[in-house]
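*Asks:* Sequence below, structure please.
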Amino acid sequence: PIFVLTVIPLCQNRGRHADMRRIIAAQIAERSDALKAALAEMVAQRLAPLTRPRQVDVMAEVVSPLVGDIISALIGVPVHLQDSGHISRVFSQVIGVSKRRKLEQELRDLRAALTEAFPNADDLAIGMKLSLAILGRDALMGALGCSLHRVIAQAEGRAFDQIDWPDLPPCTGVPYIDRVALCPVSVAGKTYEPGAVLRGDLAR
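*Replies:* Numbering: from 1, shown residues only. The predicted structure is shown next:
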């Protein structure tokens, strides 16, 4: 939908991009206490499948539902992101017409729910919450999924209660980010012309 592309920071240039990031950061800060209060129960509930002796699809049964809970707490309305991965495929160039229609319907439904929950919020504030749901899903799933995999692999078969779990996820869901040069720029002694795509490695 056109509205979504006007409120996703990745689609904006310079000043507007920075302004949108500040709004999203403020929205996250505003909801952080509510998330912290609910996080322990979320984790206990969503990681419960790992406490039972059976084969578990960790991404589908643990990580995706947990991410849905976290995003719901941050934007202030319940979203069932674990039921579908369509919402984060806004930039996909390979999904078919059927999935694209489902994506558009999910976005319409979520925008309507946000508008009902926050009747005094303007389109920009609603858009930032919508953007957080879209961009946050895959990034958080990547961070949690990769971090769980690394910690468990390094534990070499030890029981979960014997693992020294890190305070923060050791992996990022956004290992790099691309930027387009708007003017000639020199990086590490090499000059890039306008239009060149530069990739920043965030995982180092």
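
*Asks:* now the protein, which segments are flagged as low pLDDT?
*Replies:* For the chain, the stretches flagged by pLDDT under 70 are 1, 81-87, 203-204.

*Asks:* Tell me where it has helices.
*Replies:* 2-7, 14-46, 58, 64-75, 97-117, 123-155 (DSSP state H).

*Asks:* among the ones you listed, which is the most enclosed?
*Replies:* The highest mean neighbour count among the helices of the chain, using mean count of other C-beta atoms under 10 Å, belongs to helix 64-75: a mean of 22. C-beta coordinates here come from the backbone N, C-alpha and C atoms, glycine included.

*Asks:* circling back to that earlier point, among the helices of the chain, which comes closest to Val185?
*Replies:* helix 14-46 (13.9 Å; C-beta to C-beta).

*Asks:* between that closest one and helix 123-155, how big is the angle?
*Replies:* Between helix 14-46 and helix 123-155, the angle comes out at 50 degrees (axes from the mean of the first three to the mean of the last three C-alpha atoms, to 10 degrees).

*Asks:* Give me the helices and strands touching helix 14-46, please.
*Replies:* Judged by 3 or more C-beta pairs under 8 Å, 6 or more residues apart in numbering; DSSP states H and E, the packing partners of helix 14-46 are helix 64-75, helix 123-155.

*Asks:* what angle do the last one and helix 97-117 make?
*Replies:* What separates the directions of helix 123-155 and helix 97-117 is an angle of 120 degrees, with the same axes, to 10 degrees.

*Asks:* now helix 123-155, how far from the chain's geometric center?
*Replies:* Centroid separation for helix 123-155 versus its chain: 3 Å, with C-alpha atoms, centre = their mean, to the nearest Å.

*Asks:* what do you get for the shortest one?
*Replies:* Helix 64-75 sits 9 Å away from the centroid of its parent chain (C-alpha atoms, centre = their mean).
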